[in-house]
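Enquirer: structure for this input, please:
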Amino acid sequence: MTIHQFQVVGRGIPTEKNPNPKLYRMKLFAPNQVVAKSRFWYFLSQIHKLKKTSGQILACHEINEEHPDIVKNYGVWIKYNSRTGTHNMYKEYRDTTINGAVEKMYADMASRHRARFSSIQIVKAEIVPASAVKRPYTLQFINHKIKFPIPHRVQRVSSKSLRSTFVASRPSTFS
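Expert: Next up is the predicted model:
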């Protein structure tokens with residue numbers, strides 16, 4: 001399931017009593033616009049006395065990442081319902097986009113806590129600077145001298161014409 005970030009803007013339907021109703025803007029994570037609008041009404045009905053039948057959606061736009069080629073640290077504050085009750089949680093992830101970090105969070109919550117998409121509410125998701133990172137599994141990647149050695153390097157031929165199907169000796173992959 002690919003997760004996207006949406007900004008949904010809605011309000012109550014204008015009436016004679018209230019010709020200019022208050023606008024509500026919400027940033028949501030959902031697989032598509034239909035689910036984003038549905039989640040908007042779900043959260044809005046919990047927070048304010050407003051539901052889909054007495055409201056209207058003015059805009060629903062997908063929010064794209066500004067720099068999707070740079071790895072960043074993301075902090076995700078969530079509230080989820082487990083079998084025993086409701087819990088608050090803070091999790092950290094390293095990814096190039098906030099959508100990728102939230103996807104990792106949903107997969108992580110499903111594997112570690114058996115939490116489904118519908119039982120997780122994202123309170124806040126934002127970029128965390130390296131100095132504010134708390135979790136050890138995220139801290140281990142912040143070292144600027146970190147290296148990822150390749151212990152099993154396979155030599156490739158420079159062009160397809162030089163490749164042979166059968167070779168007399170086995171390749172040496174330890175350099």
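
Enquirer: would you confirm that G10 contacts R39?
Expert: No: using C-beta atoms under 8 Å as the test, G10 is too far from R39 to be in contact (11.6 Å). Glycine gets a C-beta too; all of them are placed from N, C-alpha and C.

Enquirer: for the protein, where's the lowest mean pLDDT among helices and strands?
Expert: helix 136-139 (a mean of 92; mean pLDDT, DSSP states H and E).

Enquirer: need the contact partners of that one.
Expert: The contact list for helix 136-139 (C-beta atoms under 8 Å, 6 or more residues apart in numbering) reads N73, E92, Y93, R94, V133.

Enquirer: for Y106, give me phi and psi.
Expert: As for Y106, its main-chain torsions (degrees, to the nearest 10) stand at phi -60, psi -40.

Enquirer: so who does it touch?
Expert: Y106 makes contacts with M1, I3, F117, I120, as judged by C-beta under 8 Å, 6+ apart.

Enquirer: inside strands: which ones of these?
Expert: I120 (DSSP state E).

Enquirer: and which of the contacts of Y106 is nearest N64?
Expert: Taking C-beta to C-beta as the measure, N64 lies nearest I3 of the contacts of Y106, at 13.1 Å.

Enquirer: tell me, how many residues neighbour that closest one?
Expert: Residues within reach of I3, counting by other C-beta atoms under 10 Å, total 21.

Enquirer: now do the one 5 residues further on
Expert: Residue crowding around V8 was assessed by other C-beta under 10 Å; the count is 24.

Enquirer: cool, the one 4 residues further on as well?
Expert: Neighbours of G12 under the rule other C-beta under 10 Å: 18.

Enquirer: pretty sure it contacts G55?
Expert: Yes: in this structure, G12 is within contact of G55 by C-beta under 8 Å, at 5.1 Å.

Enquirer: quick check: the closest residue in space to N81 that isn't next to it in sequence vs G75, distance?
Expert: In this structure, N81 finds its nearest non-sequential neighbour in S119, 4.4 Å apart by C-beta to C-beta, 6 or more residues apart in numbering. Remark: distance between S119 and G75 (C-beta to C-beta, to the nearest Å) = 20 Å.

Enquirer: show me what contacts E62?
Expert: Counting by C-beta under 8 Å, 6+ apart, E62 touches H4, Q5, F6, Q33.

Enquirer: the helices in this structure, which residues?
Expert: 33-47, 98-113, 136-139 (DSSP state H).
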